[in-house]
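Asker: Quick one: sequence and predicted model below, then my questions.
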Amino acid sequence: MAKKRSHRRNYRQQSHQESHANGEITPVLQGNPLVPTEEAQWIDTNDGVVAICEELKASKIFTFDTEFIGEDSYFAKTCLIQVGTAETVALIDPFAADNLTPLYTLLCDPECTKVVHAGKQDFEPVMRLFGKPPANVFDTQLAAGLIGFPWPIALTKLIEVLLQHDVGGHFTLTQWDARPLTKRQKFYAADDVRYLLAIHDIIQKKLDTLGRLEWVEEECQSLTSPSEFGFDLQTTVKRICKNKTPRKKELLRIQSLVTLRDSIAQQENEPPRSVIPDDCLIAIARKPSDTPEQLASLKGFPKNIAMRFGKNILQSIVDAQDLTPLTLRKPNPIEKEANTRQELDGLWSLFCAWCVGNELSSNLVASRATFTDWCLAVRADTQPPSSPLTTGWRSQVMQPFSAFMQGEEELQFSRDNTFIAKVKK
């Protein structure tokens, strides 16, 4: 299949060239016992993987990250694996050290704590290749949202705020599959795990003070749930449809086409949207083509896909009528009423202030759509269907706000050195 140069690929090449240019490397933070200061080990043998895993297991807690390229294939290509303890950082070359079973086994071992930052995509290969989800994970990005930082927040910003250290420029989109990696690339990659234990220590202490250790455990368990990995029809269709709800016939065709597209993408090891671009998928769901040649004539539709899989694509449109339509969120008609819209806007602003005043990221607690559905249910004295705001730690956050909306409690906001929100006594 012919490859088109994407904007992301062009940017990756530019970033790669910058990473090879001469430039200063920011010194490692000194004096923190949880920040290893030695140059990272380079591991390119299976024996080396075994040895570093023994070190990680002995430490009982270690950091983990990966560098990958995801725009060229169905499954992201893991190009580098970073691990670390308070004493050492290691960079594992998965192209040379091809037996990662000892590392995957350790990642799934509940006896060891794994500290990551935005680690969901890093864990995908573990679930796919090893067949088990990682266990006992602490994600500093999620945890930071539970002590008042914005969610999502970049690792560099956490390092800057919590450790008062600037790690300098980074090259997230550099060509990690190139060999040899430059000194700057290796240094950047090492920094992705070097500071995580120090950040974990600070955040965990704050969580303990706030009584939220169980909250972060609950949130991180959901991060590594097997259901979080693999093809998700509901999420994909929702993303393609955006905020619109198509007619039933169109929705069924979209579901069928999305499912087939994913199957072809896996077979060809191509990103799904390069197999059938979203715009083309929507177009043929609205107005189906009759022949593969008609598919090939559509603007943006890959001609080789139309010729090779055209009959399958056309058949999937026919078969769509036998599917059950997914349930997509439809705005409640009452939301369009001026007074209700104004009230919902005000409640959302008040909710965001409530979260800030309680050292929480409102974006981590709820999306605007989820909050709106919850609000309308509370106003109507009904239970919102399968809302994340009615279970777990989120229900604890929403309880006083629910009581406020029902006239049972008053909320009090004040500001001295910090912004505080609480139930008025």
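Answerer: Cool, the structure landed.
Asker: Can you pull out the low-pLDDT segments for the stretch 301-425 of the chain?
Answerer: Flagging of the stretch 301-425 of the chain using pLDDT under 70 yields an empty set of residue ranges.
Asker: let's see 80
Answerer: Applying pLDDT under 80 to the stretch 301-425 of the chain flags the ranges 384-385, 425.
Asker: Tell me which residue is most central in this protein.
Answerer: By C-alpha atoms, centre = their mean, the chain has its centre lying nearest to residue 120, at 5.5 Å.
Asker: pLDDT score for the closest residue to that one other than its chain neighbours?
Answerer: Among residues not flanking residue 120 along the chain, residue 223 sits closest, at 5.7 Å (C-beta to C-beta, 6 or more residues apart in numbering). From N, CA and C alone the C-beta is placed, and that goes for glycine too. Note for residue 223: predicted pLDDT of 92.
Asker: Same question for residue 15.
Answerer: 68.
Asker: Pull the number of nearby residues for the residue lying closest to residue 354 once chain neighbours are set aside.
Answerer: Spatial nearest neighbour of residue 354, chain neighbours left out: residue 421 (4.9 Å); criterion: C-beta to C-beta, 6+ apart. Number of residues near residue 421 (other C-beta atoms under 10 Å) recorded here: 20.
Asker: what residues are up against residue 421?
Answerer: 353, 354, 356, 357, 358, 411, 412, 413 (C-beta atoms under 8 Å, 6 or more residues apart in numbering).
Asker: List the buried residues in the helix or strand containing it.
Answerer: Per DSSP states H and E: residue 421 is located in strand 419-423. Going by neighbour count (16 or more other C-beta atoms under 10 Å), the buried part of strand 419-423 is residue 421.
Asker: Quick check: neighbours of it in the sheet, parallel or antiparallel?
Answerer: Its sheet considered, strand 419-423 pairs with strand 411-415 (antiparallel) by DSSP bridges.
Asker: just curious, which of the contacts of residue 421 is nearest to residue 105?
Answerer: Residue 105 has its nearest neighbour among these in residue 358, at 39.5 Å by C-beta to C-beta.
Asker: and the closest one, what does it touch?
Answerer: 397, 421, 422.
Asker: again, only this time at 7 Å
Answerer: residue 421 (C-beta atoms under 7 Å, 6 or more residues apart in numbering).
Asker: Could you do residue 45 as well?
Answerer: Residues near residue 45 by C-beta under 7 Å, 6+ apart: 96, 97.
Asker: Kindly report the same for residue 265.
Answerer: 74, 271, 272, 275.
Asker: separation between residue 285 and residue 253?
Answerer: Separation of residue 285 from residue 253 (C-beta to C-beta, to the nearest Å) stands at 4 Å.
Asker: Over to residue 284?
Answerer: 8 Å.
Asker: Settle it for me: which of the two has more neighbours?
Answerer: residue 253 (25 against 21).
Asker: Which ones among the contacts of residue 265 map onto strands?
Answerer: Judged by DSSP state E, strands contain none of these.
Asker: ranking the residues you listed by neighbours, who comes first?
Answerer: If you rank the contacts of residue 265 by neighbour count (other C-beta under 10 Å), residue 275 sits at the top with 24 neighbours.
Asker: Quick check, that one in contact with residue 308.
Answerer: No - using C-beta atoms under 7 Å, residue 275 is not in contact with residue 308; the gap is 10.4 Å.
Asker: Check the secondary structure at residue 37 for me.
Answerer: Three-state assignment for residue 37 (DSSP: H, G, I helix; E, B strand; the rest coil): coil.
Asker: where's it relative to residue 202, distance?
Answerer: Distance from residue 37 to residue 202, by C-beta to C-beta: 18 Å.
Asker: who has more neighbours, the two?
Answerer: More crowded of residue 37 and residue 202, by other C-beta under 10 Å: residue 202, with 17 against 13.
Asker: roughly how far out does the strand holding residue 421 sit from the chain middle?
Answerer: 30 Å (C-alpha atoms, centre = their mean, to the nearest Å).
Asker: element containing the spatially closest residue to residue 292 that is not a sequence neighbour?
Answerer: Leaving aside its chain neighbours, residue 292 sits nearest to residue 310 (2.6 Å; criterion: C-beta to C-beta, 6+ apart). Assigned by DSSP H and E, residue 310 belongs to helix 303-319.
Asker: Check residue 349 too.
Answerer: Per DSSP H and E: helix 338-357 holds residue 349.
Asker: and after that helix, which helix or strand comes next?
Answerer: Following helix 338-357 in sequence, per DSSP H and E, is helix 362-365.
Asker: Contacts for that following helix next, please.
Answerer: Contacts with helix 362-365, where a contact means C-beta under 7 Å, 6+ apart, come from 145, 151, 351, 352, 355, 394, 397.
Asker: Any chance of CSV for the residues you listed, columns neighbour count and distance to residue 158?
Answerer: As requested, these are exported to CSV (neighbours: other C-beta atoms under 10 Å; distance: C-beta to C-beta, whole Å):
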residue, neighbour count, distance to residue 158
145, 24, 11
151, 17, 11
351, 22, 25
352, 18, 21
355, 21, 19
394, 21, 23
397, 22, 22
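Asker: other SSEs contacting the helix or strand containing residue 209?
Answerer: Assigned by DSSP H and E, residue 209 belongs to helix 196-210. Under the contact criterion of 3 or more C-beta pairs under 7 Å, 6 or more residues apart in numbering; DSSP states H and E, helix 196-210 touches strand 61-69, strand 113-116, helix 140-145, helix 155-163.
Asker: Indicate which one of these is closest to residue 345.
Answerer: Of all the helices and strands packed on helix 196-210, helix 140-145 comes closest under C-beta to C-beta, at 23.1 Å.
Asker: Go ahead and produce CSV holding the CA coordinates of that closest one.
Answerer: In CSV, the C-alpha atoms belonging to helix 140-145 read as follows (Å, rounded to 0.1, in the frame of the first residue of the first chain):
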residue,chain,number,x,y,z
THR,A,140,1.3,10.6,37.9
GLN,A,141,-0.8,12.4,35.3
LEU,A,142,-4.1,11.0,36.7
ALA,A,143,-2.9,11.4,40.3
ALA,A,144,-1.9,15.0,39.7
GLY,A,145,-5.5,15.7,38.7
